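Asker: the sequence isn't on hand, but the structure is:
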C-alpha cells in the first residue's frame, strides 16, 4: 500500500471485531514504531502490550470509561522515558523531546496498523497515575498514550481537513 494512501485511509477506530491480532502483526507494528525519529536517536519509548481482559478493563476505567479500549483484542500503552531524554537534553529532553519522540512512534503505530488492515485509536484522555499503578510503570517513565488495536468493525468517513492554503505560511506568519 502506498504511504500517501495510508495517510488518507487511517481513521480513529473505536469498534472492533472479535478477531484476534497476531503476535506477528504486533511485532510488525512495533518494528515500525521503533524506526520513528527521536532527538539524538535516544529512542525514549517503552511499549506495554496488554491482552488480558481484566487489565484492559482497568485501563478503560482509567481512561474516563472509554469502554472501546477493553473491546480491542490488544492495547499498546506507549511510555516516554523522561530520564533517558534528560540525561542528554536536561529539562527540555524530559519535558518536550521525549513527548515529541513518543508521538512520532505513536503515529508510526497508527500508520502501520492501518497498512496491515487493522484499526487503532490514539487515546490521550486518561489519568496517568492510575495507568501507572495498573501497569506498575516505574518513576521516570510517563504513560503518553493508550492505543487499542484490532480488526475494525466500523468504517468512519474521511474527516474534514483544512485546505493547504489556510495552513501554509511562506517566510513568516
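Answerer: Here it is on my side, so go on. What you see is a predicted model, and the numbers here were worked out from it, not measured in a lab. Numbers count the residues shown, from 1 in each chain.
Asker: how far off centre is the lengthiest strand in the chain?
Answerer: Longest strand in the chain, counting residues (DSSP state E): strand 141-150. Distance, stretch centre to chain centre, for strand 141-150: 5 Å (CA atoms, centre = their mean, to the nearest Å).
Asker: I'd like the average pLDDT over that strand.
Answerer: Averaged across strand 141-150, pLDDT comes to 98.
Asker: then stretch 111-131?
Answerer: 98.
Asker: same question for stretch 13-32.
Answerer: According to the model, stretch 13-32 has a mean pLDDT of 98.
Asker: bridge partners for the closest residue to residue 145 other than its chain neighbours, pull those for me.
Answerer: In this structure, residue 145 finds its nearest non-sequential neighbour in residue 78, 4.6 Å apart by CB to CB, 6 or more residues apart in numbering. For the C-beta atoms, the positions are set from N, CA and C on the backbone; glycine is no exception. Beta-bridge pairing of residue 78 under DSSP bridges involves residue 47, residue 145.
Asker: just to revisit the earlier point, and the next helix or strand after the longest strand of the chain, how far out from the chain middle?
Answerer: Next along the chain after strand 141-150, taking DSSP states H and E as the criterion, comes helix 164-167. A distance of 27 Å separates the centroid of the chain from that of helix 164-167, by CA atoms, centre = their mean.
Asker: then stretch 105-121?
Answerer: 8 Å.
Asker: what do you get for stretch 96-108?
Answerer: Worked out by CA atoms, centre = their mean, stretch 96-108 lies 9 Å from the chain centre.
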